[in-house]
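J.: Sequence plus the predicted model coming up.
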Amino acid sequence: MASLSIKEKIGYALGDGAANIAWRGVSTFLFIFYTDVYGLNPAAVGLLFLVARFGDGVTDVLMGIICDRTNTKYGKFRPWILWSAIPLGVILSLLFMSPDFSPTGKLVYAYTAYIVFTLIYTANNIPYGALMAVMTGDDKERTSLGSYRMVGAFVGGMLVQGALLFLVAYFGNINPDISVSKLEDKKYEVSVSTTQDVKNVNIKTKQGIGMFTWADTTVAENTPTQGKSFSMQANKPYSFLVEGEENLDTKNITIVDQKRGYSNAIYLLSFFLSIFMILTFISTKERVQPPKNQETNLGQDLKDLVKNKPWLVLLIIGMMFNIFNSIKQGIVVIYFTHYLHNPLLTSSFLIALSLASIAGAMITTPLGKKFGKRNLFIYALIFSGLVNALFVFCSTANTMAIFAIGIIGEIGAAVFPTLFFAMLGDAADFSEFKNGRRATGLVYSAGSFATKFGGGIAGAIIGLVLASFHYDGQNEVAIQGAVPGIVMLMSWIPAVIAVITAGFMVLYPLTQTKMDEITVELQRRRANDNVAN
């Protein structure tokens, strides 16, 4: 079977770059947008996310079933990428709009926009994932394609996480008048005003270290924070006390109209999202078809799925490695803020991890050929887990060691999603080899459900551990009492999960020798089908 061209692999990778503009943009920024900019209650936003995530798992499976029954001249999966490209960009833009409704109206709008977003994202991402399995019948080529895909995903995520706030600042600039008066060492009074009414602005220092309190001592809620969000009336001065930074002047203060900034920034990113998805549709091709004599039978498809041992193992593996990755990602900001007391380093750390992820995705293909996907997955789990455990030995002074451990561990962790999606394609091949039937969309949709569920479990673990140490983000004494729990979540808790996952991976039956046998046999059957027709 011919190798896929570099052009087609890059075209496919653009799709996950686009998907991560949406997914990382929503997962990283939507909560704070809804609470700080749109003015929703945090508990209401949390419930919204919970409700939508529950329904998302059900729609994943339904979308997989629909894809398998789609028949067009463009194939089963590519058309959905085209059909959903522009709607996904539009609904992402609508998510970050803030129409001036009543409190109830705002909540209804948020529920509607977010649920529609999850539906359109599912209609796009399930076919996109399944497309990998039908672009080539060669399992080794799928591993290479998976590497390109993950590079695209990490670049897309890095784009939105690295650029969005800069775009918000650029588009949200209101040209305010700012004055800074030094009161004592590392303490200043900052006054700002503007010639227009602005419903929601955010003020902070460019370094993000300075702690703001209102200069007006009659303000009821005046906890020191690294910035303040508030509404401004035209030509009215607003004053703050800022502590914690040296040599503060007007150039070091940023004040942004968050409503306009977020909306315009997301409009721009949504445009590129839609373009990338259309390019993915144009540059890819479906080559692997179900057996010619296969009849549509949902009951049989589901029966084949639950008897598919490789898929059942991957279901557990997908959930477990996403718990591992999601705990690591979910605790980083808290770790740098409350353990290292240097939140500014968080962005640098996350960018360093993204670059390490790209390196890990790129080396997966040659390592997969050398060790086989199953063995490489086991080695990567043990390696990444043991490296991650080393965080427990890092003091607050060991910044270089913390960066080194994070980068080295992330190279191993990037192997997991790269291999996982390629192995779902192998599980679809196994079903066709064993049962003479193929339901690629269903295999990928159920795998997607497992990964999303794993992320939910990770959030619960973080919450339970921090609660057991009485963590309270508004209480400095409680925060310091919870530091041991924060370190645990950063170090050995995910490490233990990684090692346990490696134990489950031993049960995966598709060794490289077995996959070579399956690939050769399926190619023989397809060649015979073509001759017969």
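T.: Nice, thanks for sending it over.
J.: quick one: contacts of the helix or strand hosting Phe504?
T.: Element membership of Phe504, judged by DSSP states H and E, is helix 492-505. Residues outside helix 492-505 that contact it (CB atoms under 8 Å, 6 or more residues apart in numbering): 313, 316-317, 320-321, 323-324, 327-328, 374, 377-378, 381-382, 384-386, 388-389, 392, 461, 465. Placement of C-beta: from N, CA and C, glycine included.
J.: likewise stretch 328-339?
T.: Under CB under 8 Å, 6+ apart, the answer for stretch 328-339 is 342-343, 345-346, 349-350, 388, 396, 413, 458-459, 462, 466, 479-480, 482-483, 486-487, 489-490, 494.
J.: Only the buried members of the residues you listed: can you turn that into a PyMOL selection?
T.: In PyMOL, a selection of the buried entries from these looks like this (16 or more other CB atoms under 10 Å):
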select buried, resi 343+345+346+349+350+388+413+458+459+462+466+479+482+483+486+487+489+490+494
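J.: Which members of the contacts of helix 492-505 occur in strands, if any?
T.: Using DSSP state E, no member of these sits in strands.
J.: which among the residues you listed end up buried?
T.: 313, 316-317, 320-321, 323-324, 327-328, 374, 377-378, 381-382, 384-385, 388-389, 461, 465.
J.: from these, which ones fall inside helices?
T.: 313, 316-317, 320-321, 323-324, 327-328, 374, 377-378, 381-382, 384-385, 388-389, 461, 465 (DSSP state H).
J.: what's in contact with stretch 268-286?
T.: 7-8, 10-12, 14-15, 17-18, 21-22, 25, 74-79, 81-82, 84-86, 88-90, 92-93, 124, 128, 131, 134-135, 159-160, 163-164, 167.
J.: Is there a quick ChimeraX command that grabs whichever of the residues you listed are buried?
T.: In ChimeraX syntax, the buried subset of those is picked out as below (16+ other CB under 10 Å):
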select :8,10,11,12,14,15,17,18,21,22,25,74,75,76,77,78,79,81,82,84,85,86,88,89,90,92,93,124,128,131,134,135,159,160,164,167
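J.: contact partners of stretch 168-188?
T.: Contacts of stretch 168-188 (CB under 8 Å, 6+ apart): 189-194, 196, 198, 201, 241-246, 248-250, 252-265.
J.: Restricted to strands, list those residues.
T.: Using DSSP E, these in strands are 189-193, 198, 201, 241-243, 253-257.
J.: just the buried members of these?
T.: 190, 192-193, 198, 201, 241-243, 253-257.
J.: Report the mean per-residue pLDDT for the helix or strand hosting Pro366.
T.: When secondary structure is defined by DSSP H and E, Pro366 falls within helix 345-371. Computed over helix 345-371, the mean pLDDT rounds to 85.
J.: residues of that helix that come out buried?
T.: In helix 345-371, counting by 16+ other CB under 10 Å, buried: 345-346, 349-350, 352-358, 360-362, 364-365, 367-368.
J.: which helices and strands does that helix pack with?
T.: If you count contacts as 3 or more CB pairs under 8 Å, 6 or more residues apart in numbering; DSSP states H and E, helix 345-371 packs onto helix 139-171, helix 309-338, helix 373-389, helix 399-413, helix 415-435.
J.: what's the most buried one of the ones you listed?
T.: helix 415-435 (a mean of 25; mean count of other CB atoms under 10 Å).
J.: for the record, mean pLDDT for it?
T.: The model assigns helix 415-435 a mean pLDDT of 87.
J.: just checking, what packs against that helix?
T.: By 3+ CB pairs under 8 Å, 6+ apart, helix 415-435 packs against helix 103-135, helix 139-171, helix 298-306, helix 309-338, helix 345-371, helix 373-389, helix 440-468, helix 512-532.
J.: can you put those in TSV and add distance to Val219?
T.: TSV is the format used below for the helices and strands packed on helix 415-435 (distance: least, CB to CB, whole Å):
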stretch	distance to Val219
helix 103-135	22
helix 139-171	25
helix 298-306	58
helix 309-338	24
helix 345-371	28
helix 373-389	43
helix 440-468	29
helix 512-532	65
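J.: For Ala163, give its distance to Gly372.
T.: As judged by CB to CB, to the nearest Å, Ala163 and Gly372 stand 38 Å apart.
J.: in the helix holding Phe504, what's buried?
T.: Buried, per 16+ other CB under 10 Å, within helix 492-505: Trp492, Ile493, Pro494, Ala495, Ile497, Ala498, Val499, Thr501, Ala502, Phe504, Met505.
J.: what about that helix, distance to the chain center?
T.: Put simply, helix 492-505 sits 21 Å off its chain's centre (CA atoms, centre = their mean, to the nearest Å).
J.: what angle separates it from helix 309-338?
T.: With axes from the mean of the first three to the mean of the last three CA atoms, to 10 degrees applied, the angle from helix 492-505 to helix 309-338 works out at 170 degrees.
J.: Export helix 492-505 to PDB, keeping only CA atoms.
T.: Extracted in PDB, the C-alpha atoms of helix 492-505 (Å, rounded to 0.1, in the frame of the first residue of the first chain):
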ATOM      1  CA  TRP A 492       3.400  11.100  42.700                       C
ATOM      2  CA  ILE A 493      -0.400  10.900  42.300                       C
ATOM      3  CA  PRO A 494      -0.300  11.200  38.400                       C
ATOM      4  CA  ALA A 495       2.900   9.000  38.600                       C
ATOM      5  CA  VAL A 496       0.900   6.200  40.300                       C
ATOM      6  CA  ILE A 497      -1.900   6.500  37.700                       C
ATOM      7  CA  ALA A 498       0.700   6.200  34.900                       C
ATOM      8  CA  VAL A 499       2.200   3.000  36.300                       C
ATOM      9  CA  ILE A 500      -1.200   1.400  36.800                       C
ATOM     10  CA  THR A 501      -2.200   2.300  33.200                       C
ATOM     11  CA  ALA A 502       1.000   0.600  32.000                       C
ATOM     12  CA  GLY A 503      -0.200  -2.600  33.800                       C
ATOM     13  CA  PHE A 504      -3.600  -2.400  31.900                       C
ATOM     14  CA  MET A 505      -1.700  -1.900  28.600                       C
END
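J.: Can you tell me the element the residue nearest to Thr72 when sequence neighbours are not counted falls in?
T.: Spatial nearest neighbour of Thr72, excluding adjacent residues (CB to CB, 6 or more residues apart in numbering): Pro79 at 4.9 Å. Applying DSSP H and E as the criterion places Pro79 in helix 78-95.
J.: does Phe212 count as helix, strand or coil?
T.: Secondary structure, DSSP: H, G, I helix; E, B strand; the rest coil: Phe212 is strand.
J.: how much space between it and Met150?
T.: Phe212 sits 39 Å away from Met150, going by CB to CB.
J.: repeat for His341
T.: In terms of CB to CB, His341 sits 33 Å off from Met150.
J.: again with Asn325
T.: Asn325 is 12 Å from Met150, by CB to CB.
J.: Now for the two: what residues contact both?
T.: Pro417.
J.: returning to what we had before: got TSV for the helices and strands packed on helix 345-371, with distance to Gln207 too?
T.: What follows is these, written out as TSV (distance: least, CB to CB, whole Å):
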stretch	distance to Gln207
helix 139-171	14
helix 309-338	14
helix 373-389	29
helix 399-413	16
helix 415-435	33
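J.: who wins for proximity to Gly454 among those?
T.: helix 309-338 (3.1 Å; CB to CB).
J.: For that closest one, what is the distance to the chain centroid?
T.: 11 Å.
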